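Trainee: A structural model of the following input is requested.
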Amino acid sequence: MAIKPNKWTLLLFLAIPLIPLAVFWIFPLLVSIWLSFTDWDYISPTFHYVGLNNYTQLLSSHDFQAAVGHTLYCTVFSVIPIIVIGFLLAVLLNRLKYTYKFIQSLLFAPWVTPMIGMAIVWSWIFNSQIGPLNQVLHALHLPAPQWLSNPQAAMWTIIIVTIWKNVGWAALFYGDAISKIPRSLFEAADVESLSIWQKITHVLIPLVSPTTLFLFIVEILDCLQAYDQITVLTQGGPAGATRTLLYLYYELGFKQFQMGSATALSIVILVVAAILSFIAIRLSRHHVYY
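Mentor: This is a model prediction of the structure:
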């Protein structure tokens with residue numbers, strides 16, 4: 001005889017995950033929305049309500065518009081290579097037998113290593129005077145740019161570090177998805193004499209499309225939140241060339257003490273992330289196979 005759970009028991013089990021969610025996410029979000037309508041300076045106990053003034057000034061400011069462009073540029077040129085290279089690495093690793101686990105651990109190492117520490121190492125690599133990267137370029141008689149002080153090259157340092165950190169993580173997810181594909185499908189592809197490219201396009205890519213959607217959304221959110229590597233490598237410079245939305249939030253809130261404008265920007269970032277995720281999910285209906 002089945003025992004019907006008591007309604008209070010059900011409420012208790014619902015409250016266990018909901019209470020931390022409310023305390024650490026919903027309540028701070030509501031406070032942020034409230035602060036975004038004030039001119040609080042982060043220090044003074046007094047403030048004034050300014051309505052939508054923070055939002056109108058923010059959306060019309062040159063710094064915000066430039067930060068949007070930098071964020072989109074960094075996101076596009078980071079997310080696409082991460083997904084493509086991660087997929088190709090997973091395909092190659094899937095053909096290995098004895099060193100598979102060892103290489104997996106090497107690929108996963110950048111993801112679990114603190115970004116601050118990695119960025120410090122990369123700042124030495126990109127150093128125009130003593131960095132090993134420019135020394136190699138000099139030895140090959142190739143142009144050696146001023147990676148961290150040139151506005152055209154600085155954003156690429158952020159992109160390179162972001163790709164290096166995340167591509168191994170993406171490869172692990174793709175590797176798990178590929179390992180779950182029935183071997184009979186590959187045997188059928190062999191019977192049909194499909195080439196490697198045809199196997200990738202007609203078997204692998206469609207069957208790992210749910211993983212691609214997941215990685216696409218997660219990597220977009222990760223790029224929108226890029227901060228540590230920018231702080232260590234460029235501090236938003238030179239001349240604001242690497243100032244993204246999240247770094248602009250840091251400058252508004254903790255350098256200029258315009259907490260009302262900073263929280264307004266955080267709400268804008270949240271809305272942008274939600275819209276991009278919604279668009280990705282909508283588009284996936286015709287390209288993702290479950």
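Trainee: longest helix anywhere in this structure?
Mentor: helix 62-93 (DSSP state H).
Trainee: by contact count, what packs against that one?
Mentor: Using 3 or more C-beta pairs under 8 Å, 6 or more residues apart in numbering; DSSP states H and E as the contact test, the elements touching helix 62-93 are helix 100-112, helix 151-179, helix 209-224, helix 245-254. In this view, the C-beta of every residue, glycine as well, is placed from N, C-alpha and C.
Trainee: burial of Gly237, as a residue count?
Mentor: 15 (other C-beta atoms under 10 Å).
Trainee: Where does the prediction get shaky in this structure?
Mentor: By pLDDT under 70, the low-scoring segments of the chain are 1-5, 97-98, 100, 290.
Trainee: measure the most centrally placed residue in it to Phe214 for me?
Mentor: Central residue of the chain (C-alpha atoms, centre = their mean): Asp222, 1.8 Å from the mean position. Taking C-beta to C-beta, to the nearest Å as the measure, Asp222 falls 12 Å from Phe214.
Trainee: wait, isn't Ala109 in contact with Val167?
Mentor: No: here Ala109 does not reach Val167: they are 12.0 Å apart, not a contact under C-beta atoms under 8 Å.
Trainee: so which strand or helix has the closest residue to Phe64 other than its chain neighbours?
Mentor: Leaving out its chain neighbours, the residue that sits closest to Phe64 by C-beta to C-beta, 6 or more residues apart in numbering is Leu58, at 5.3 Å. According to DSSP states H and E, Leu58 maps onto helix 53-60.
Trainee: tilt between that helix and helix 62-93?
Mentor: 70 degrees (axes from the mean of the first three to the mean of the last three C-alpha atoms, to 10 degrees).
Trainee: List the contacts of the helix or strand hosting Ile205.
Mentor: Element membership for Ile205, per DSSP H and E: helix 205-207. By C-beta atoms under 8 Å, 6 or more residues apart in numbering, the residues outside helix 205-207 that reach it are 87, 177, 181, 185, 212, 289.
Trainee: Between those residues, which sits nearest Ile26?
Mentor: Each of the contacts of helix 205-207 was scored against Ile26 by C-beta to C-beta, and Thr212 proved nearest at 30.4 Å.
Trainee: need the contact list for Val208.
Mentor: 87, 174, 177-178, 181.
Trainee: Apologies, that question was intended for Gly86.
Mentor: Contacts of Gly86 by C-beta under 8 Å, 6+ apart are 166-171, 173-174, 215.
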